[in-house]
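In: Predicted coordinates and the sequence they were generated for:
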Amino acid sequence: MPVNGTTNQRGYGRKHQLLRAKVKPDVDAGSVNCWRCGRLIHPGQLWDLGHDDNDRTIYRGPEHARAADCPAGGNRATSGRRKVGKLRRWRL
């Protein structure tokens, strides 16, 4: 997957954008937990719509964008992340 390029070229096309827009109000309200660490994503914190580590076609849900905010490393962590609790799948 290319690092540079348009949003679509990087794999974040219409489906991704629609799902992120659907989830955004809940994240902005501070009512969503990070799927990686299970901790709340506070209003104003940077967040990403996280993919499954083994299958990028599966969205796991919102996750902290920065490792400093997430004990599990946020979306930039290594593949050795710990999984916490029941995972919620986000769908359109």
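Out: Received it, and whenever you're ready, just let me know what you need. Computed from a prediction, not measured in an experiment: that's the story for all the values here.

In: contacts and neighbour counts: CA atoms only from here.
Out: OK.

In: packing partners for the lowest-mean-pLDDT helix or strand in the chain?
Out: Here the helix or strand of the chain ranked lowest by mean pLDDT, DSSP states H and E is strand 47-51, holding a mean of 90. Under the contact definition 3 or more CA pairs under 8 Å, 6 or more residues apart in numbering; DSSP states H and E, strand 47-51 sits against strand 59-64.

In: What mean pLDDT does the strand it packs on get?
Out: Taken as a whole, strand 59-64 carries a mean pLDDT of 92.

In: Now do the phi/psi pair for residue 74.
Out: Dihedral pair for residue 74: phi 60, psi -160, per degrees, to the nearest 10.

In: That one - how many residues pack around it?
Out: Counted with other CA atoms under 10 Å, residues neighbouring residue 74 total 23.

In: ok, it to residue 6 distance?
Out: In this structure, residue 74 and residue 6 are 23 Å apart, going by CA to CA, to the nearest Å.

In: Residue 18 looks like it's in a helix, true?
Out: Yes: with DSSP: H, G, I helix; E, B strand; the rest coil as the criterion, residue 18 is part of a helix.

In: What number of neighbouring residues does it come out with?
Out: A count of neighbours around residue 18, defined by other CA under 10 Å, yields 13.

In: Same question for residue 8.
Out: Counted with other CA under 10 Å, residues neighbouring residue 8 total 11.

In: what does residue 10 give?
Out: Neighbour count of residue 10, defined by other CA under 10 Å: 12.

In: Assign it to helix, strand or coil.
Out: Reduced to three states with three-state DSSP, the structure at residue 10 is coil.

In: Return the backbone torsion pair for it.
Out: Note on residue 10: its backbone torsions stand at phi -90, psi 0 [degrees, to the nearest 10].

In: Ok, the one 5 residues further on next?
Out: Main-chain torsions, residue 15, degrees, to the nearest 10: phi -60, psi -50.
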